[in-house]
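Participant: Return a 3D structure for these sequence lines:
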Amino acid sequence: MPTHRTRRIVEILKQELVEARKELEDYQAQAEQPDFEMGDAEGYSTWQAAVALQGHLEQEVEEIERALDRAEQGLYGTCEACGEAIGAARLHALPYTTLCVRCAAKTA
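Facilitator: Now for the predicted structure:
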């Protein structure tokens, strides 16, 4: 059974997921409909930034969804690689992380 703390974190993650999906939709629209003419360096740079942010947001959405799945399974706060507890400071800074600091450093 989820603890009060875990339920609160799940609510925060759900809100972050809604916000990340909305932001992702905005950047997808920008990436799909470039608003610049040939030779427009500023417009091209803006489009490139939208494409890059879209990729970042897609990854963030996936990570939040994975953390929510782990919370439903009662595994929130447990490293999916080594099974050890993820430090509170790390979870506070990055609530959707599924790796402890040590395991995250190994994958970086």
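Participant: any idea which element residue 90 lies in?
Facilitator: helix 88-93 (DSSP states H and E).
Participant: Next, the buried residues of the next helix or strand after that helix.
Facilitator: The first helix or strand that comes after helix 88-93 along the chain, using DSSP H and E, is helix 101-107. Residues of helix 101-107 classed as buried: 103, 104 (neighbour count, 16 or more other CB atoms under 10 Å). All C-beta atoms are positioned from the backbone trio N, CA, C, and that covers glycine.
Participant: now stretch 44-59
Facilitator: Buried residues in stretch 44-59 (16+ other CB under 10 Å): 47, 50, 53, 54, 57.
Participant: quick one, what contacts residue 57?
Facilitator: By CB atoms under 8 Å, 6 or more residues apart in numbering, the contact set of residue 57 is 20, 23, 24, 27.
Participant: What subset of those residues is buried?
Facilitator: The buried subset of the contacts of residue 57 (16+ other CB under 10 Å) comprises 20, 23, 24, 27.
Participant: can you list the contacts of residue 57 in JSON lines and add pLDDT and secondary structure?
Facilitator: Formatted as JSON lines, the contacts of residue 57 follow (pLDDT from 0 to 100; DSSP: H, G, I helix; E, B strand; the rest coil):
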{"residue": "20", "pLDDT": "92", "secondary structure": "helix"}
{"residue": "23", "pLDDT": "89", "secondary structure": "helix"}
{"residue": "24", "pLDDT": "87", "secondary structure": "helix"}
{"residue": "27", "pLDDT": "78", "secondary structure": "helix"}
